[in-house]
Every structure is written in structure tokens, then in C-alpha cells.
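A.B. asks: quick one: sequence and predicted model below, then my questions.
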Amino acid sequence: MAFYFGEKEGDELMRKINLRDINHRARQWDHPVKGLLKYAQSMKEHGGNILKLPKKDRERYCVSIISLALKNDSNLDWWTHMPNSDPPDGLVMTLRQEKNDAYMGYMREVEVVEHRDEPENIFAVIRSKMVEKTYESNTILVCLVLTPAIYDLQKLATMLSLIESSLKH
């Protein structure tokens with residue numbers, strides 16, 4: 001799980017109180033399928049056109065998909081929360097049993113950037129979000145691609161890895 005959570009930065013004593021931080025950020029955490037069900041309902045109400053959905057519904061969809069992908073990769077249950085205020089667009093969280101049988105909570109903020117432009121402009125869209133904003137070290141930047149095309153995501157990932165940014169994920 002090192003990809004998802006490296007060593008905690010900052011004060012070493014803060015490692016012991018991560019569940020307090022999670023509780024402070026949200027009191028209710030939802031299963032990601034709940035977000036997908038809300039998305040499906042919203043799609044039905046808007047004639048199946050994702051571009052007509054409210055921005056928060058598109059973000060909820062994206063955060064739910066990310067949470068399910070993390071579940072698939074880590075074999076842990078992941079939970080979502082969509083805060084009323086922005087940023088972040090969403091939060092994902094899991095609980096993991098540590099060596100001493102204690103549970104540790106791990107949380108990431110999720111920022112969603114939408115790509116609606118020409119396919120060749122996807123790099124510029126993501127890059128601008130990476131360099132024009134400052135993010136906490138626990139933030140994941142996710143791109144919701146709304147333009148149908150064939151993308152070379154491996155090449156895109158290589159190009160994005162060369163950008164100096166406060167984002168690590």
C-alpha cells in the first residue's frame with residue numbers, strides 16, 4: 001500500500017491521531033455504490049446526458065469510481081464523503097488493521113478536473129490544475145474525461161510525472 005500512503009509527513013506524534021482527523025472531516029461515510037446509484041438517478045432525470053448533470057453529481061460519480069478502484073487494488077473497503085464546501089471535491093477513506101491489532105484510518109482528498117476539450121488538450125487541462133493550485137500532500141487529482149477519443153494514458157502519465165507540483169498522487 002506504499003503507493004497510496006507513504007510515510008506520514010510532519011510531526012511524528014500526529015501519526016497516532018489520524019482517526020480524529022477523519023472524524024473531524026466527516027461524520028458520515030458512504031459506500032461508493034451509493035454514489036453510483038445517485039449518479040444513475042441523476043442521469044435518468046437528465047435524459048442520460050452526463051454533460052447536463054450538476055457538477056456535484058459528476059464529481060460524486062468520479063469519487064465513487066476512484067473508491068472502487070482503490071478497493072480493487074488494495075482489497076480493503078473504501079468509503080466516500082462529499083463535503084458541502086469545496087475544496088476538496090470529495091474524500092475517500094479506509095481502515096486498515098496494523099501489526100498491533102489496532103486500526104488506522106487512511107484518508108485522501110480528491111480533486112476532480114474535467115476534460116471536455118479536444119483530446120490533444122488533455123495534458124494542458126491537467127497541467128494547469130497541477131501548477132495553478134496548491135494542494136495538501138494527501139490530495140489525489142483525478143481527471144474525468146468527457147470527450148470521446150482514444151488516449152495514450154501511459155504517455156500522458158509520463159508527461160505529467162515531469163511537472164513540478166504540490167500534488168503527489
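C.D. replies: Here it is on my side, so go on.

A.B. asks: thought residue 87 was touching residue 109?
C.D. replies: Yes. Counting by Cβ atoms under 8 Å, residue 87 does reach residue 109; the two are 7.2 Å apart. Heads up, the C-betas are built off the backbone N, CA and C, glycines and all.

A.B. asks: between those two, which is the more surrounded one?
C.D. replies: Set residue 87 next to residue 109 and count neighbours by other Cβ atoms under 10 Å: residue 109 wins out with 20 against 13.

A.B. asks: what about that one, which helix or strand?
C.D. replies: Using DSSP states H and E, residue 109 sits in strand 103-115.

A.B. asks: and the helix or strand just after that strand with strand 103-115, angle?
C.D. replies: For strand 103-115, the following helix or strand on the C-terminal side (DSSP H and E) is helix 122-132. Interaxial angle of helix 122-132 relative to strand 103-115 (axes from the mean of the first three to the mean of the last three Cα atoms, to 10 degrees): 120 degrees.

A.B. asks: which SSE is immediately downstream of helix 122-132?
C.D. replies: Using DSSP H and E, the helix or strand that follows helix 122-132 in sequence is strand 139-145.

A.B. asks: for that next one, buried residues please.
C.D. replies: By 16 or more other Cβ atoms under 10 Å, the buried positions in strand 139-145 come out as 139-144.

A.B. asks: most widely separated two among those?
C.D. replies: Within these, 139 and 144 form the most distant pair, 15.7 Å apart (Cβ to Cβ).

A.B. asks: hang on, the earlier thing: identify, from the buried residues of strand 139-145, the entry nearest to residue 32.
C.D. replies: Lowest distance from residue 32 to these (Cβ to Cβ) belongs to residue 142, with 13.3 Å.

A.B. asks: so how far is residue 90 from the closest one?
C.D. replies: From residue 142 across to residue 90, the span is 9 Å (Cβ to Cβ, to the nearest Å).

A.B. asks: now for these two: what residues contact both?
C.D. replies: By Cβ atoms under 8 Å, 6 or more residues apart in numbering, residue 142 and residue 90 have these common neighbours: 62-63, 110, 112.
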